[in-house]
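K.L.:
Here's a sequence, model it:
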Amino acid sequence: MGYRIVVAGATGNVGREMLNILAEREFPADEIAVVASSRSTGDMVDYGETGKQFKVQNIEHFDPTGWDMALFAIGSEATKIHAPRFAAAGCTVIDNSSLYRMDPDVPLIVPEVNPEAIDGYTRRNIIANPNCSTAQMVVALKPLHDAATIKRVIVATYQSVSGAGKAGMDELFEQSRNIFVGDSAEAKKFTKQIAFNVIPHIDSFLEDGSTKEEWKMVVETKKILDPKIKVTATCVRVPVFVGHSEAINIEFENEITAAQAQRILREAPGIMLVDKREDGGYVTPVECVGDYATFVSRVREDSTVDNGLSLWCVSDNLRKGAALNAVQIAELLGRRHLQKGPDPAGRLARAPRAPARHAGAAGGGGRAGQHRAALSGCRAAAAHPDGRAAARRAVPAAPLAAVGRRDRGGGRLLPAAHARRPLYLFQRAL
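P.N.:
Model prediction:
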């Protein structure tokens, strides 16, 4: 007997991605219910690429009794109402909002970083998912902290508009289109024009001049990784649809070289190191879309401080920054605590690692596929004649589209990474 899973907020960007990832990873669910607000009741949502669809139910009328876990992507206000109700009914809530992250009775979990902290979930039967920009950063920091002990982190983020939801994505597209045809680019969702611009302001301002997004990165890093680490952040919204990037400067207690850091990162769970010091030898947001991994590039020593490193970190914010991390938490909860029913494929027993999609994009052959496999440390994928097949045996992953998807109107070829994405993310662009 498998799990009974609820996905709350199933019609939003993150909720849909939760369903995609549950399907991709073949989560052992006997039954899945999708719920949302009354506005979406009766809508149909896809269960990944399985061909299955679910009808959206009204969360107000949904009875969580008898359900094992609920993945929440409904925002803080709705979570405040419904999370305690679900938790009291015995349904463990994995919450993507900021509401419970700093609650001392609620564990804040990134499975590659602090899996043991999930043991405290029984106090409230709620588990918090961290902020998108925090999640990818701590995945990159954890193995380096274990090796040389981090003293201080300075991070500047370059955060995509999908972090602000569908309205943010729509605004970037509409402003870009309007500017090209000479119409006005009025700011509605964001405080200033986002098209062809960057905005050094995410969430509300605090008294000390920082923003709440920057505060989240500071306090969440301390709670997840180590309260002794000093963190300062500058969070910036950029005109990218999907994928957050971060420029991270790290000061360590102990000596660590760039070469040592590369070796450590290459073997770390959840990370793909793509760091060749040549044109294009790094990862950008366009390439990370649809992947599970946190990508690290540009690892180098900082000569201005003792024991300093700088690096570039990129990840799909809708996946590792939100939906993937929530599903990984569900897997961890099943593995460590619920242990409900058989798991013949052993999917919940494996520690989460990044899939090697980049290892064999051309079917295992070709210089690009071999180069990425070597850089990421995916030895099995690099050695096997079909890199993707080997990688999938190691980690459950979504299928890789080797070709792009053509535009319905103008014949544009979307990048292969985008072809893996559900159409809803690009419906306005298509």
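K.L.:
Would you pull up how far the helix or strand residue 333 falls within lies from the middle of the chain?
P.N.:
Following DSSP states H and E, one finds residue 333 within helix 324-333. Using CA atoms, centre = their mean, to the nearest Å, the distance from the centre of helix 324-333 to the centre of the chain it belongs to is 11 Å.
K.L.:
Identify all contacting residues around that helix.
P.N.:
Contact partners of helix 324-333, identified using CB atoms under 8 Å, 6 or more residues apart in numbering, comprise 3, 5, 17-18, 21-22, 25, 27, 69, 71, 73, 92, 94, 96, 109-111, 115, 118, 121, 127, 129-130, 135, 292, 316, 347-348, 352. Using the backbone N, CA and C atoms, a C-beta is placed for each residue, glycine as well.
K.L.:
now those residues: which count as buried?
P.N.:
3, 5, 17-18, 21-22, 25, 27, 69, 71, 73, 92, 94, 96, 109-111, 115, 118, 121, 127, 129-130, 135, 292, 316, 347-348, 352 (16 or more other CB atoms under 10 Å).
K.L.:
In three-state terms, label residue 48 for me.
P.N.:
For residue 48, the assignment made with DSSP: H, G, I helix; E, B strand; the rest coil gives coil.
K.L.:
any low-confidence regions in the chain?
P.N.:
Low-confidence segments of the chain (pLDDT under 70): 341-430.
K.L.:
how about the helices of it, start to end?
P.N.:
For the chain, helices defined by DSSP state H occupy the ranges 13-24, 75-88, 132-148, 166-181, 212-224, 258-267, 285-288, 324-333, 367-376, 379-383, 387-394, 416-419.
K.L.:
Go ahead and measure how far the first one is from the middle of the chain.
P.N.:
In this view, helix 13-24 has its centroid 11 Å away from the chain centroid, taken as CA atoms, centre = their mean.
K.L.:
With only the CA atoms kept, save it in PDB.
P.N.:
The C-alpha coordinates for helix 13-24 follow below in PDB (Å, rounded to 0.1, in the frame of the first residue of the first chain):
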ATOM      1  CA  ASN A  13       3.300  27.400 -11.200                       C
ATOM      2  CA  VAL A  14       4.800  25.500  -8.200                       C
ATOM      3  CA  GLY A  15       1.700  23.200  -7.700                       C
ATOM      4  CA  ARG A  16       1.800  22.100 -11.300                       C
ATOM      5  CA  GLU A  17       5.500  21.500 -11.000                       C
ATOM      6  CA  MET A  18       4.900  19.400  -7.900                       C
ATOM      7  CA  LEU A  19       2.600  17.100  -9.900                       C
ATOM      8  CA  ASN A  20       5.200  16.900 -12.700                       C
ATOM      9  CA  ILE A  21       8.000  15.900 -10.300                       C
ATOM     10  CA  LEU A  22       5.800  13.300  -8.400                       C
ATOM     11  CA  ALA A  23       5.200  11.700 -11.700                       C
ATOM     12  CA  GLU A  24       8.800  11.900 -12.900                       C
END
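K.L.:
Measure how it sits relative to helix 324-333, angle-wise.
P.N.:
Put simply, helix 13-24 runs at 50 degrees to helix 324-333, going by axes from the mean of the first three to the mean of the last three CA atoms, to 10 degrees.
K.L.:
The fifth one now?
P.N.:
Relative orientation of helix 212-224 with respect to helix 324-333: 20 degrees, computed using the same axes, to 10 degrees.
K.L.:
and what of the third one?
P.N.:
Using the same axes, to 10 degrees, the interaxial angle of helix 132-148 with respect to helix 324-333 works out to 60 degrees.
K.L.:
For helix 132-148, buried residues please.
P.N.:
Buried residues in helix 132-148 (16+ other CB under 10 Å): 132-145, 147-148.
K.L.:
for those, which one is nearest residue 161?
P.N.:
Nearest to residue 161 among those is residue 132, at 12.3 Å by CB to CB.
K.L.:
ok, the closest one - contacts?
P.N.:
Contact analysis of residue 132 by CB under 8 Å, 6+ apart lists 159, 163, 244, 317, 321-322.
K.L.:
now those residues in CSV, with distance to residue 271 and neighbour count?
P.N.:
Formatted as CSV, these follow (distance: CB to CB, whole Å; neighbours: other CB atoms under 10 Å):
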residue, distance to residue 271, neighbour count
159, 20, 26
163, 21, 26
244, 15, 28
317, 16, 29
321, 15, 28
322, 18, 26
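K.L.:
Going by distance to residue 37, which of those wins?
P.N.:
Nearest member of the contacts of residue 132 to residue 37, counting by CB to CB, is residue 322, at 18.5 Å.
K.L.:
distance of the closest one from residue 50?
P.N.:
21 Å (CB to CB, to the nearest Å).
K.L.:
cool, residue 75 as well?
P.N.:
Residue 75 is 27 Å from residue 50, by CB to CB.
K.L.:
For these two, indicate the residue with more neighbours.
P.N.:
residue 75 (16 against 13; other CB atoms under 10 Å).
K.L.:
so who does that one touch?
P.N.:
Contact analysis of residue 75 by CB under 8 Å, 6+ apart lists 9, 97.
K.L.:
just residue 172 next, same as before
P.N.:
With CB under 8 Å, 6+ apart, residue 172 has these contacts: 161, 194-195, 239, 241.
K.L.:
nearest residue to residue 11 other than its sequence neighbours?
P.N.:
Spatial nearest neighbour of residue 11, chain neighbours left out: residue 40 (4.3 Å); criterion: CB to CB, 6 or more residues apart in numbering.
K.L.:
and that neighbour, how many neighbours?
P.N.:
Residues near residue 40, counting by other CB under 10 Å: 19.
K.L.:
Strands along the stretch 201-350 of the chain, start to end?
P.N.:
Under the criterion DSSP state E, counting those that start in this stretch, strands of the stretch 201-350 of the chain are mapped to 230-237, 244-252, 271-273, 294-301, 308-315.
K.L.:
and residue 210, which of those is closest to it?
P.N.:
Here strand 230-237 is closest among the strands of the stretch 201-350 of the chain (CB to CB), at 7.8 Å.
K.L.:
Which stretch among the strands of the stretch 201-350 of the chain is buried most, on average?
P.N.:
strand 271-273 (a mean of 28; mean count of other CB atoms under 10 Å).
K.L.:
Direction included, what does that strand pair against?
P.N.:
When pairing is defined by DSSP bridges, strand 271-273 lines up against strand 294-301 (parallel).
K.L.:
one step back: nearest to residue 301 among the helices of the chain would be which one?
P.N.:
Closest among the helices of the chain, using CB to CB: helix 258-267, at 4.9 Å.
K.L.:
what sits up against that closest one?
P.N.:
Helix 258-267 is contacted from outside by 140, 143-144, 147, 271, 273, 275, 296, 299-301, 309, 311, 375-377, using CB under 8 Å, 6+ apart.
K.L.:
Out of those residues, give me the two with the largest separation.
P.N.:
301 and 376 (21.7 Å).
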